[in-house]
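Chemist: quick one, what's the 3D model for this:
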Amino acid sequence: MATDLVARVDLERELASLHAASFAWALVACGYDRAEADDVLQSVYEKVLDGRARFERRSSLKTWLFAIIRRTAASRRRTVWLRRALLARWTEAQPEASPAATPHERAELDERGRRVLDAVRALAARQRQVIELVFYHDLSVEQAAEVMGVGVGTARVHYDRGKRNLLAALKEAP
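Modeler: Below is the predicted model of the structure:
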């Protein structure tokens, strides 16, 4: 019993140390929707702390946690999509477009940062994910592949294409 308590305290400490990076990855996984990222991260923490998700040490804690975040966000997106589809079917309404960033959010970024962020956001989803994981979360391409649930070769292809597309977009930017 005492070892379980020590393990839980250690896990909580590790989760706390990874919180900033986890939230940043949750933002990416949720299409930069802060409220959704908060909800996803809360769900992930609940899964981890109540034992529904167990760390079996087959990878680093960060890689394992990021994979849970990605899967949880994808599951929530599917649920939201299904609800919207059903609502549209019954009310013949079109699903709402996601809101654009507010002027305040855009003003927070300097011009160069905004160009880079816009270029990253314009990448294909898999390219964007692997670039974010490698550059912003200090994961290797192999670890990014595990988080994304794809093969290492696939991750490498998306990583190379993402870098090339990002470089081309930044060269074209004014």
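
Chemist: just give the number of residues close to residue 83.
Modeler: Residues near residue 83, counting by other C-beta atoms under 10 Å, number 11. C-betas here are computed from N, CA, C, even on glycine.

Chemist: what is the least confident helix or strand in the chain?
Modeler: Lowest on mean pLDDT, DSSP states H and E among the helices and strands of the chain sits helix 103-107, with a mean of 56.

Chemist: tell me which helix or strand comes right after that one.
Modeler: Sequence-wise, the next helix or strand downstream of helix 103-107 (DSSP states H and E) is helix 111-122.

Chemist: surely residue 145 meets residue 155?
Modeler: Yes - the criterion here is C-beta atoms under 8 Å, and residue 145 meets it with residue 155 at 3.5 Å.

Chemist: okay, the two: which has more neighbours?
Modeler: Taking neighbours as other C-beta under 10 Å, residue 145 and residue 155 compare with residue 155 leading, 25 against 22.

Chemist: quick one: contacts for that one?
Modeler: For residue 155, the contact set (C-beta atoms under 8 Å, 6 or more residues apart in numbering) comprises 130, 141, 142, 144, 145, 148.
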